[in-house]
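Enquirer: generate coordinates for the sequence data below:
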Amino acid sequence: MKKRFPTLVYLLILSVSTSTAWAQTSPWTLGLKAGTGWSGRNVEQQTNQEIRDRYRSGFSYAGGLRLGYRLAPSLALRVDAEWQSLCDRRVRALNVLGLTDVDRLGPLIYTTTYDNTFQRLQVPLTVEINPFPQRSPVYVLAGAMPTYFIKAKTHYKLVSSREDDPLASGSLTIPFSIRENEHLRNDLLFIAGVGTSVGKKIALEAVYQFNNPLRYAEQRVGGAFILLPTYTSRAGQGLLVTATYRLFWILGELSINKIQVPGQDRCGN
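Expert: As a prediction, this is how the structure comes out:
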């Protein structure tokens, strides 16, 4: 039994090395990815003389898996399975005009701050193109990304220019089950970006997610003919910087030529 044990170990290592060598030459790749960036845009909108909205971007982070297939040295197809957290801020200022001349108490401005947070599942489907694979590891990518929101919430606070304490504050869960929000749960985005390979194991990418503003309604509390209040968020768009670690090369240091059965030379003696 003791004489057979080194041989069994050799066969086990040989099988692992063979699969590793296949992974290094196979067109398939499997990887873990994680990233961070910002969601939303910094813009201002003047609705009318009294109402102005100011949007501010927020922090975003994501993680998931990647499966890729290389068609040629300059062309590859990838599909990712990701979870992403998004957030942004919207500040609405309501300036009550004409009241200052009446009560002489100074301007009356109501300011409401909305901090929106979202969580979604997404499947980026992209094409990777490197026009000069022998000269540079840099490539461009583009594709589509189906998304599915699993959680959304907004925290709000209302203050007045004439009061020290907030007039109202709280949080709202954004309901995707009501009719006004059903179309928001599923979406299809366009994405594009650039990336580069760092050795054989790591890929770094910067991808922009294009999307329209999200306009969602508050929970229905009355009859079907009640006009629900709506809110706007731009968190669905933004830049995500990711790092992908290719799992197929974790055991890439092994080599069949370096394996030797304990107690034997390369000729089996």
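
Enquirer: can you find the helix or strand in the chain with the smallest mean pLDDT?
Expert: helix 4-25 (a mean of 49; mean pLDDT, DSSP states H and E).

Enquirer: pLDDT weak spots in the stretch 151-269 of the chain?
Expert: 219-228, 249-269 (pLDDT under 70).

Enquirer: before we move on, back to that, packing partners of whatever helix or strand comes next after the least confident helix or strand of the chain?
Expert: Next in sequence after helix 4-25, counting helices and strands by DSSP states H and E, comes strand 28-39. Counting contacts by 3 or more C-beta pairs under 8 Å, 6 or more residues apart in numbering; DSSP states H and E, strand 28-39 packs against strand 51-72, strand 75-96, strand 238-246. All C-beta atoms are positioned from the backbone trio N, CA, C, and that covers glycine.

Enquirer: repeat the analysis, applying 6 Å as the threshold.
Expert: The elements that strand 28-39 packs onto, with contact taken as 3 or more C-beta pairs under 6 Å, 6 or more residues apart in numbering; DSSP states H and E, are strand 51-72, strand 238-246.

Enquirer: distance to Pro124 and mean neighbour count added to those strands, as a markdown table?
Expert: Shown next, in a markdown table, are these (distance: least, C-beta to C-beta, whole Å; neighbours: other C-beta atoms under 10 Å):
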| stretch | distance to Pro124 | mean neighbour count |
| --- | --- | --- |
| strand 51-72 | 9 | 17 |
| strand 238-246 | 10 | 20 |
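
Enquirer: got CSV for those, with distance to Pro229 too?
Expert: Listed next are these as CSV, based on distance: least, C-beta to C-beta, whole Å:
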stretch, distance to Pro229
strand 51-72, 14
strand 238-246, 25
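
Enquirer: any idea which of those gets closest to Lys151?
Expert: Closest approach to Lys151 among these (C-beta to C-beta): strand 51-72, 14.4 Å.

Enquirer: average pLDDT across the closest one?
Expert: Strand 51-72 carries an average pLDDT of 96.

Enquirer: that one versus strand 75-96: what angle between them?
Expert: 180 degrees (axes from the mean of the first three to the mean of the last three C-alpha atoms, to 10 degrees).

Enquirer: returning to what we had before: what about the helices and strands packed on strand 28-39, which gets the closest to Leu158?
Expert: Comparing those against Leu158 with C-beta to C-beta, the closest turns out to be strand 51-72 (14.0 Å).

Enquirer: go ahead and name everything in contact with that closest one.
Expert: With contacts defined as C-beta atoms under 6 Å, 6 or more residues apart in numbering, strand 51-72 is touched by 27-31, 33-40, 42-46, 76-82, 84-94, 234, 238, 244.

Enquirer: swap in stretch 117-125?
Expert: 79-87, 143-153, 191, 235.
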